[in-house]
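give the three-dimensional model of this entry:
(chains A and B)
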Amino acid sequence: MPDIIRVQHLSKSFKDLTAVNDLSFSVPQGCVYGFLGQNGAGKSTTIRMLLTLIEPSSGDIEIFGLSLQRHRQQILKNTGAVIEKPDLYKYLSALDNIRLFAKLGGVHPSRMQLMEKLDKVGLAARAGSKVKTFSQGMKQRLGIAIALVHDPELVILDEPVNGLDPQGIADIRKLIIHLSKEEKKTVFVSSHLLAEMEMVADHMLIIDKGKKIVEGPVKSLLNPDKMVIELETKDINAVTQLIQGSSWGDYYKKQEEGKILLEFGTHAVPAFNTFLVQQQVQVLSLRPRHSLEDYFLSLTT
Amino acid sequence: MFITILRIELFKIFRKPRTYISFGAIAVMIILIQLAIKVQGTELINFFLGSQNSTFDYDPAKILNGYFVCYFILNTLLIHVPLLVALIAGDLVAGEANMGTLRLLVSKPVSREMLMFSKFGASVVYVVMLLLWMAVLSLFGSILLFGTNDLVVIKETGFHIISSGDVLWRFMAAFLFATLALICIASLAFMLSVFAENSIGPIVATVCIVIVFTIVQQLQVPMFQEYASPYLFTTHMLGWKGFFYVMATDENQTIRGSVENTGAILKSGLVLTGYTLFFLLLGVISFKRKDILS
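I've put the predicted structure just below:
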């Protein structure tokens, strides 16, 4: 598969702050590419550079094999994006908003075509309503409809599930998979939720403090033999001592927010559970955790 | 593409309720002035004529006609209209940044220069419509209410009497000149709007600049009069009055179609155009280099 996005040695500094530091990565065509990092890691700055909202301090960006600097308009014609929260014209209706941005994108769809686009995100019934009456989830869906209105080859979604309820998150997840598998679009999606990316992404890039930590296919990066397991119990200090004094002590990591964190493969969870039962530990919960912090922890230990 | 974006910008401007505040405010002010003159117009004329009343042999009822009322309205309102223009022009970029729509706009396949020129074009259309509205209400409204007659223009040193047949084109020219002056204000507010993340800043800054410049221009301090006033755009905004200062014969008869100082009007027009281009280009260049962080 050819690369849709190729970023080389990209950096951006704001006065004393280096937001993105010598970042290089490639996004294969047709994949869902998860762009992960904690808040402030430099994800939004990178996305803004991909969309020419911010001028890089140094480095090169190629999209569709073309230099972004030299072929900006040609590239943006074939790119749709939702950047952070989807802020739209609140005093206009959903239909007016999508029509307006379609024209700016260089397409002039009919009312029926626009209604079809709104219907795809479940907003056809509210086409005439002003955006100020919309919930966060509805605005997010309208933002996605606007990003897709000109049928772009590349879709960039910046934290698309932020502020959504579980149903909304599931809908966005389904839509991302649909865009990639059915419509053969390349989806570049940023998030700080590792578990979310694990469910939708084929490839993944994790950045921290503007620098690349790891990049590659999700399946090879998320090693099921090295997961952070979270144990919640009543007497946390006594149980910690018990674990540290046993053969499970090698897997003990730390206490965090009233929970005990251990690191081992998911296949070992039943054996650990048996150990806890035998020791008459009152378990409130025992589960693997999929957070970026844990992933960073597993990368550095 | 320019026309498409211009139409989009106009659509956005005229779908905002705040746009109609300006039209409403102008209508209310003009109607209030017309009503006041209708009720107490003679007292107003006597007040204006002041000490010249005894030497000036002219019927106040004849002075009080639609042209005079329109001229009075222009003198009163053209100082305040910049505020109404700043309300829209100052919002064009900063308002988008505040709403969060600027990043979506700039990520579309439209050059930033095109976006800016279209936005400015929309503010020019808004200014023209505002002044057309003002012209319809103040000129044609006053003619309907007060009829027509010769226009008496009172100056510090005397007055000009312009025959009724020689007035209408002067108003047209004055409104055109006022359009140029207000476009200059729009360009200032527009330029300031590029540097702000919400529209309050550029609107207030524009109004403050206009007030400070007007005070400097009106202070009778020789230093300001010599070195500052001739260069301030606010001084040249009053150039429209020049169309109502006419030349007279040796027998003190006004010459039909004449203008006392055409050169001064042209100079003011050029200064305003220069300022407009400067503000516009500064705004466009700054926006082109700006990182969109909103």
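
A:Lys12: which element?
Following DSSP states H and E, one finds A:Lys12 within strand A:3-14.

need the contact list for the residue in the stretch 101-250 of chain A that chain B sits nearest to.
Here the residue of the stretch 101-250 of chain A nearest chain B is A:Leu104; by C-beta to the nearest C-beta that distance is 4.2 Å. Bear in mind the C-beta positions are built from the backbone N, C-alpha and C, glycine included. Applying C-beta atoms under 8 Å, 6 or more residues apart in numbering or on different chains, one finds that A:Leu104 lies in contact with B:4-5, B:8, B:105, B:108-110.

try it again at 10 Å.
A:146, A:149-150, B:1, B:4-5, B:8, B:104-105, B:107-110, B:115 (C-beta atoms under 10 Å, 6 or more residues apart in numbering or on different chains).

what of B:Gly239?
Going by C-beta under 10 Å, 6+ apart, B:Gly239 touches B:174, B:177-178, B:180-181, B:261, B:264-269, B:271-272.

in PyMOL, how would I select the buried members of the residues you listed?
The buried residues among the contacts of B:Gly239 can be selected in PyMOL (16 or more other C-beta atoms under 10 Å in any protein chain shown) with this line:
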select buried, chain B and resi 174+177+178+180+181+265+268+269+271+272
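
of the contacts of B:Gly239, list those near chain A.
Near chain A, taking C-beta under 10 Å from any C-beta of the partner chain as the test, no member of the contacts of B:Gly239 is found.

go through the contacts of B:Gly239 and flag which are in helices.
Mapping these onto helices (DSSP state H) picks out B:174, B:177-178, B:180-181, B:264-269, B:271-272.

not counting its neighbours along the chain, what's nearest the residue of chain B found nearest chain A?
Residue nearest to chain A within chain B: B:Gly100 (2.6 Å; C-beta to the nearest C-beta). Take B:Gly100 and drop its neighbours on the chain: the residue closest to it by C-beta to C-beta, 6 or more residues apart in numbering or on different chains is A:Asp87, 2.6 Å away.

isn't the one you found up against B:Arg103?
Yes: judged on C-beta atoms under 10 Å, A:Asp87 makes contact with B:Arg103 at a distance of 8.0 Å.

what's the overlap in contacts for the two?
Common neighbours of A:Asp87 and B:Arg103 (C-beta under 10 Å, 6+ apart) are B:96, B:294.

which one of those two is surrounded by more residues?
A count of neighbours by other C-beta atoms under 10 Å in any protein chain shown puts B:Arg103 above the other of A:Asp87 and B:Arg103, at 23 against 19.

what is the helix or strand hosting that one packed up against?
B:Arg103 is part of helix B:102-106, with elements assigned from DSSP H and E. Contacts defined by 3 or more C-beta pairs under 10 Å, 6 or more residues apart in numbering or on different chains; DSSP states H and E place helix B:102-106 against helix A:43-50, strand A:79-82, helix A:94-104, helix A:136-148, helix B:94-99, helix B:112-135.

helix or strand right after the longest one?
If you walk from helix B:112-135 toward the C-terminus, the next helix or strand you reach (DSSP H and E) is helix B:141-146.

which strands or helices does whichever helix or strand comes after that following helix pack on?
Following helix B:141-146 in sequence order, the next helix or strand is strand B:151-155 (DSSP H and E). In terms of contacts (3+ C-beta pairs under 10 Å, 6+ apart), strand B:151-155 is packed against helix B:17-49, helix B:60-63, helix B:66-77, strand B:158-162, helix B:168-194.

need the ones you listed in JSON lines (columns: mean pLDDT).
Formatted as JSON lines, the helices and strands packed on strand B:151-155 follow (pLDDT from 0 to 100):
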{"stretch": "helix B:17-49", "mean pLDDT": "86"}
{"stretch": "helix B:60-63", "mean pLDDT": "74"}
{"stretch": "helix B:66-77", "mean pLDDT": "90"}
{"stretch": "strand B:158-162", "mean pLDDT": "80"}
{"stretch": "helix B:168-194", "mean pLDDT": "95"}
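
and the contacts of A:Leu104, which is closest to B:Met134?
Proximity of the contacts of A:Leu104 to B:Met134 was ranked by C-beta to C-beta; the top entry is B:Ile8 with 26.0 Å.

residue contacts, the residue lying closest to the closest one once chain neighbours are set aside?
Spatial nearest neighbour of B:Ile8, excluding adjacent residues (C-beta to C-beta, 6+ apart): A:Leu100 at 5.5 Å. Neighbour list for A:Leu100: A:88-89, A:92, A:146, B:7-9, B:11-12, B:101, B:105 [criterion: C-beta under 10 Å, 6+ apart].

repeat that for A:Pro86.
Contacts of A:Pro86 by C-beta under 10 Å, 6+ apart are A:97, A:131, A:134, A:136, A:138-147, A:157-158, A:160, B:100-101, B:104.

just the buried residues of those.
The buried subset of these - by 16+ other C-beta under 10 Å - is A:97, A:131, A:134, A:138-147, A:157-158, A:160, B:100-101, B:104.

ok so, going back, quick check: the residue nearest to B:Gly100 vs A:Pro152, distance?
Using C-beta to C-beta, to the nearest Å, one gets 20 Å for the distance from A:Asp87 to A:Pro152.

would you turn the contacts of B:Gly239 into TSV with distance to B:Ile31?
Putting the contacts of B:Gly239 into TSV (distance: C-beta to C-beta, whole Å) gives the following:
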residue	distance to B:Ile31
B:Ala174	21
B:Phe177	24
B:Ala178	19
B:Leu180	26
B:Ala181	24
B:Asn261	34
B:Ala264	33
B:Ile265	30
B:Leu266	35
B:Lys267	35
B:Ser268	30
B:Gly269	31
B:Val271	34
B:Leu272	29
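
pretty sure A:Asn295 contacts A:Val218?
Quick fix: residue A:295 is Tyr, not Asn. No: using C-beta under 10 Å, A:Tyr295 is not in contact with A:Val218, being 11.5 Å away.

who's more crowded, the two?
Between A:Tyr295 and A:Val218, A:Tyr295 has the larger neighbour count (other C-beta under 10 Å), namely 24 against 19.

and that one, that one's in a helix?
Yes: counting by DSSP: H, G, I helix; E, B strand; the rest coil, A:Tyr295 is located in a helix.

got a pLDDT number for it?
Note on A:Tyr295: pLDDT of 71.

can you check A:His290 too?
Model confidence at A:His290 (pLDDT) stands at 69.

same check on B:Thr55?
So B:Thr55 comes in at 61 (pLDDT).

ramachandran angles for A:Ile61?
phi -130, psi 130 (degrees, to the nearest 10).

now do the one 5 residues further on
Backbone torsions of A:Leu66, given as degrees, to the nearest 10, read phi -110, psi 150.

report the contact partners of the residue in chain A positioned nearest to chain B.
Going by C-beta to the nearest C-beta, chain B is nearest to A:Asp87 of chain A, at 2.6 Å. Contact partners of A:Asp87, counting by C-beta under 10 Å, 6+ apart, are A:131, A:139, A:143, B:96, B:98-104, B:294.
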